[in-house]
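J.: sequence first, then the predicted structure, then my questions.
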Amino acid sequence: VEISIINGSPRKNGATGKLLQEIGRSLSVEYGATINYYNLSEMRIDYCKGCEVCYQTGKCCIKTDDFEGIADKIKTSDGVVIGSPTHGSNVSAYLKNFMDRGHFIVEQSLYNKSCFSLVTYEIADGRSVIKLLKKFFRVSGGTVKGSLLVKTAFNQNPLNERQIAKRLNNQVKTYHASIATRKGKSLFEHIFNDVIVVNLIWKRYFKKHPEQYKGIIKSYQDKTIHARLSRLQ
Ligand SMILES: Cc1cc2nc3c(=O)[nH]c(=O)nc-3n(C[C@H](O)[C@H](O)[C@H](O)COP(=O)(O)O)c2cc1C
């Protein structure tokens, strides 16, 4: 089992980082998973230019930064864990740019991957960010198998609170079990993603704009990545 963990906090050892490190440790030591761990704040990831060249060619026009390396690792991963602090009722700017650069939604880059959302916050609106992340996962083809919302004071180690450590352990346990047993999407996720997002929205849109989305259609036809989406054309 291979899992990619993405820390969207600007502080690699902040509350979000401490929780993600524990998730990674537990998945690796207790469950034997291979972990790819990324601190977005330590990587060079330029802003998305919004050019949509990737829709036509299947490749981003920015080739000189660290993004494609992470994208390749995500492709081979069974699961993805994304963590973010709440910044102004939203994900961090690092994470938002990562989400844009990955063209995850149009490319269905998380198709059938097991996803885990982690959000920390101090006062209010962490729940909105958890919802944003879950929707991002599901609209990108993923299935949500773990989720942790943690309210914590600034610069405290949330793991010092026994309740939080216990919730984390429980979530990691179910998350790993869902990957090990290859538990797929829930009925709700299947209807939301496969039926509505892919078939009703993208498929129709691609048919109207085949040239503009040439690269994406081709990526769906690549059977090693998107075997079940290859019927799209
Ligand atoms: C720019 C900024 C905006 C923030 N906005 C919110 C917010 O809207 N709601 C909230 O509860 N906490 C907010 N916080 C607090 C952080 O979400 C909280 O301290 C978080 O646990 C920090 O995670 P970290 O230690 O990984 O950086 C904000 C912090 C910063 C720096």
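T.: Sure, I can see it.

J.: which residue is the nearest non-sequential neighbour of the closest residue to the ligand within the chain?
T.: Scanning the chain for proximity to the ligand using C-beta to the nearest ligand atom identifies Gly14 as nearest, at 2.3 Å. Heads up, the C-betas are built off the backbone N, CA and C, glycines and all. Distances taken as C-beta to C-beta, 6 or more residues apart in numbering put Pro85 closest to Gly14, at 6.9 Å, once the chain neighbours are dropped.

J.: I'd say that neighbour and Asn7 touch.
T.: No - using C-beta atoms under 8 Å, Pro85 is not in contact with Asn7; the gap is 9.7 Å.

J.: overlap in contacts of the two?
T.: Thr16 (C-beta atoms under 8 Å, 6 or more residues apart in numbering).

J.: those two: which is more packed in?
T.: Asn7 (30 against 27; other C-beta atoms under 10 Å).

J.: check contacts around the more buried one.
T.: So Asn7 contacts Thr16, Gly17, Leu20, Tyr37, Tyr38, Asn39, Leu40, Ser41, Gly83 (C-beta under 8 Å, 6+ apart).

J.: taking these one by one, which sit in helices?
T.: Secondary-structure check on those using DSSP state H: residues within helices are Thr16, Gly17, Leu20.

J.: ok, of the residues you listed, which one's closest to Lys135?
T.: Thr16 (19.3 Å; C-beta to C-beta).

J.: and for that closest one, the neighbour number?
T.: 27.

J.: was I right to think it contacts Ser117?
T.: No - the criterion here is C-beta under 8 Å, and Thr16 misses it with Ser117 at 11.5 Å.

J.: which residues are in contact with each of the two?
T.: Gly83.

J.: what are the buried residues along stretch 168-188?
T.: Within stretch 168-188, the residues scored as buried using 16 or more other C-beta atoms under 10 Å are Leu168, Gln171, Val172, Tyr175, His176, Ser178, Ile179, Lys185.

J.: got it, and stretch 204-217?
T.: For stretch 204-217, by 16+ other C-beta under 10 Å, it's Phe206, Tyr213, Gly215, Ile216, Ile217.

J.: which residues touch stretch 44-53?
T.: By C-beta under 8 Å, 6+ apart, stretch 44-53 touches 59-62, 64-67, 94, 97-98, 100-101, 212.

J.: if we use 7 Å, what do you get?
T.: Cys61, Ile62, Asp65, Asp66, Phe67, Asn97, Phe98, Asp100, Arg101 (C-beta atoms under 7 Å, 6 or more residues apart in numbering).

J.: return the set of buried residues in that stretch.
T.: Ile45, Cys48.

J.: going forward, begin numbering at 31 instead of 1
T.: Noted, 31 is the first residue going forward, which turns the last one into stretch 74-83.

J.: first-to-last residue distance for it?
T.: 20 Å (C-alpha to C-alpha, to the nearest Å).

J.: and for stretch 107-121?
T.: End-to-end distance (C-alpha to C-alpha), stretch 107-121: 23 Å.

J.: same question, stretch 104-117
T.: 25 Å.
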